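S.K.: generate a structure from the sequence data that follows.
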Amino acid sequence: MVVFVCSPYGGKPRNVTRAFNYCIMETELGNIPFAPHCFYPQFMDEKTDRYIAIEMGIEMLSRCDELHVWGDKITEGMAMEIEYATENGIPVVYMERCDADG
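M.R.: Just a heads-up that it's a prediction; the model follows:
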């Protein structure tokens, strides 16, 4: 299954590390993860391109089988992704809450 990894970002390096680890866990579950915050910051700036990146991520979400929510709190960007998935019939799964710092 192709899954969208929904977790906090906010330009914080520790959140990218966590997202990488969520992707590892998803792979171990047999899924194909997509985490936009592991990819888009490589060429986009959080301060100037944030909403463009969220829009691009939501386009990718539309192509995923499920949205998997990771982390201990729901951020504004995550809420937008969850809302899109819910409104478009994409299952939202809240994954085990854990600290994936590695």
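S.K.: how about the secondary structure of residue 18?
M.R.: Three-state assignment for residue 18 (DSSP: H, G, I helix; E, B strand; the rest coil): helix.
S.K.: ok, now how distant is it from residue 63?
M.R.: 23 Å (C-beta to C-beta, to the nearest Å). Placement of C-beta: from N, CA and C, glycine included.
S.K.: of those two, who's got more company?
M.R.: Shown here are residue 18 and residue 63; by other C-beta atoms under 10 Å, residue 18 has more neighbours (24 against 10).
S.K.: the more buried one is in contact with residue 70, isn't it?
M.R.: Yes - with contact defined as C-beta atoms under 8 Å, residue 18 counts as touching residue 70 (7.4 Å).
S.K.: now the helices for the protein?
M.R.: 13-28, 36-39, 46-61, 76-87 (DSSP state H).
S.K.: just say which of those is most tucked in.
M.R.: Of all these, helix 36-39 has the most neighbours on average by mean count of other C-beta atoms under 10 Å, namely a mean of 20.
S.K.: for it, packing partners?
M.R.: Counting contacts by 3 or more C-beta pairs under 8 Å, 6 or more residues apart in numbering; DSSP states H and E, helix 36-39 packs against helix 13-28, helix 46-61.
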